[in-house]
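K.L.:
sharing a model that was predicted from the sequence below.
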Amino acid sequence: MSGAWTALVLAAGRPGDPLAIAEGVTNKTLIEVHGRPILQRVLDALEAAPSVGRIVVAIEDASLLKALETRTEAARAGERVVDTVAAGLQQLGPPMLIVTGDHALLTPDMVEEFIAGVVEAGVGAAVGLAAEATIQKAYPDVRRTYLKFADGGYSGCNLFALASADASRALTFWQEIDRNRKRPWALVRAIDPWAFALYAAGRLTLQRAMERLSKKLDLPVTAVRMSAPEAAIDVDKPDDLALVRRIIASRSLT
């Protein structure tokens, strides 16, 4: 259904963020990339995605949005990401797309591909992942954190969905995602001991992991495999920012 999804953009800045300081801004998402703030690029992609009908930006200070070309709504970010997401789900309801405000390379096609994957799977919650082979083929020098499953490595794409009325059950695991996003083994261990044993032995497939997570949460969960390698590139480090600037510069030349 066109416009049925609400997008919650996680854009809260971190005090003392070295990347923001180096770029002369108070919030990393306001760093300019070829004349447009990163957050503006995220909002542009969401506004152009047919499935998204409402956009809410969770940020520490709503006045930071005044300089942007958007009519999106603002919500105050919680102390923890999981608090922000929980409040967003309670106030906005499902189906809700969650994306981070530093996803500078987000496109409407990525948004639609992800949402289509969630709808097709008929699940309550989902996460977007990109295959290591896909990323490395396009950007062999990029450094990402990969979950090493038996059927290949996968990197997170900062795309999440809470699609059903009982999707709040997924929030119990969201804390693990936030706490262990740079420690794949710890993230898998949080599913259950058997999943971790299989992962350590190199025998856990992505599908099996999702099945075990679904059982743990009593909620159908899936991973949507994204086709574009850029879906897995956000802006966490100076190297990421430099890469994003190169990619966007090359797009403007085509």
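P.N.:
Good, I have the coordinates.
K.L.:
now the helices: where do they sit in the stretch 101-250 of the chain?
P.N.:
Using DSSP state H, counting those that start in this stretch, the helices assigned to the stretch 101-250 of the chain run over residues 108-121, 132-138, 171-180, 184-189, 193-200, 206-217, 238-252.
K.L.:
what's the angle between the first one and helix 206-217?
P.N.:
Taking axes from the mean of the first three to the mean of the last three CA atoms, to 10 degrees, one finds that helix 108-121 is oriented at 60 degrees with respect to helix 206-217.
K.L.:
tell me what helix 108-121 is packed against?
P.N.:
Packed against helix 108-121, as judged by 3 or more CB pairs under 8 Å, 6 or more residues apart in numbering; DSSP states H and E, are the following elements: helix 38-47, strand 96-100, strand 125-131, strand 152-162, strand 221-226. Just so you know, the C-beta spots here come from the backbone N, C-alpha and C atoms, and that holds for glycine as well.
K.L.:
can you check the second one too?
P.N.:
Using 3+ CB pairs under 8 Å, 6+ apart as the contact criterion, the neighbours of helix 132-138 among helices and strands are strand 152-162.
K.L.:
if we use 10 Å, what do you get?
P.N.:
Helices and strands in packing contact with helix 132-138 are listed as strand 147-149, strand 152-162, strand 221-226; criterion 3 or more CB pairs under 10 Å, 6 or more residues apart in numbering; DSSP states H and E.
K.L.:
mind listing what's buried in the longest one?
P.N.:
Within strand 152-162, the residues that count as buried by 16 or more other CB atoms under 10 Å are Gly153, Tyr154, Ser155, Gly156, Cys157, Asn158, Leu159, Phe160, Ala161, Leu162.
K.L.:
and which of these is nearest to Ala195?
P.N.:
For the buried residues of strand 152-162, the closest approach to Ala195 (CB to CB) belongs to Tyr154, at 14.8 Å.
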